[in-house]
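*Asks:* the sequence and its predicted three-dimensional model are supplied below.
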Amino acid sequence: MPKAVTLTGHERTFAPDDVIVSKTDLKGRITYANRVFLEVAGFTEKEILGQPHSIIRHPDMPRCVFKLLWATLEAGNEIFAYVVNRCKNGDHYWVYAHVTPSFDSSGKIISYHSNRRVPEKAVINQHIIPLYSALLEEEKRHASRKEGMLAAEQMVLNLLAENGIGYDEFLANLRAAA
């Protein structure tokens, strides 16, 4: 999908019982996408396999969240995250993602697996959209993309430190408050 896809502002949804599943290699190239993924994102299997998972990256998604995600996965840990993705036609959809590394018999990470479910709308509207907007604003304030990403990451770390909680507990508290 070319980066010049015009965003439509139209949000797609999927059934609460549906699960979007994808698998990637170590470089983030898609090696598997289930039917729900293909239907929601608007791609065919032929179009999506072998493509970087960032093909569905929405520009409203802060880079610092992906930095946290990849650091967690590369350390061999699972992570949960709220993500807004872009469809092939410029629509978007929100997910609550659970991403895990997959290991071989010797414990080496060989791929990544992601299950995404319908997120709680109240959490998205009340907490995630305002937080991601602030993070994006911070990212854009800096001359270099890297400096912006690091500054926004520091905002997240400060938020967690101020509340005396870790990232997982932060997300659990958001879900409990909804």
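*Replies:* Alright, I've got the coordinates.
*Asks:* roughly how far is stretch 51-70 from the heart of the chain?
*Replies:* Relative to the chain's own centre, stretch 51-70 is displaced by 6 Å; criterion: C-alpha atoms, centre = their mean, to the nearest Å.
*Asks:* then that stretch to CSV, C-alphas only?
*Replies:* Provided in CSV are the C-alpha atoms of stretch 51-70 (Å, rounded to 0.1, in the frame of the first residue of the first chain):
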residue,chain,number,x,y,z
GLN,A,51,4.8,-7.3,3.3
PRO,A,52,6.0,-5.4,6.4
HIS,A,53,3.3,-5.3,9.1
SER,A,54,3.7,-1.5,9.0
ILE,A,55,1.7,-1.7,5.8
ILE,A,56,-1.3,-1.1,8.1
ARG,A,57,0.3,1.5,10.3
HIS,A,58,-1.9,4.5,10.8
PRO,A,59,-0.2,7.9,11.0
ASP,A,60,-2.1,8.6,14.3
MET,A,61,-0.2,5.8,16.0
PRO,A,62,2.7,7.2,18.0
ARG,A,63,6.0,5.8,17.1
CYS,A,64,7.0,5.5,20.8
VAL,A,65,4.3,2.9,21.3
PHE,A,66,5.9,0.7,18.7
LYS,A,67,9.3,1.3,20.2
LEU,A,68,8.0,0.0,23.5
LEU,A,69,6.3,-2.9,21.7
TRP,A,70,9.4,-4.0,19.9
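*Asks:* what residues sit buried inside it?
*Replies:* Within stretch 51-70, the residues that count as buried by 16 or more other C-beta atoms under 10 Å are 51, 53, 55-58, 61-69. For the C-beta atoms, the positions are set from N, CA and C on the backbone; glycine is no exception.
*Asks:* what's the answer for stretch 164-178, then?
*Replies:* Those would be 167, 171, 174, for stretch 164-178 by 16+ other C-beta under 10 Å.
*Asks:* residues touching the first one, list them.
*Replies:* With contacts taken as C-beta atoms under 8 Å, 6 or more residues apart in numbering, residue 167 has the following neighbours: 68, 79, 156, 160.
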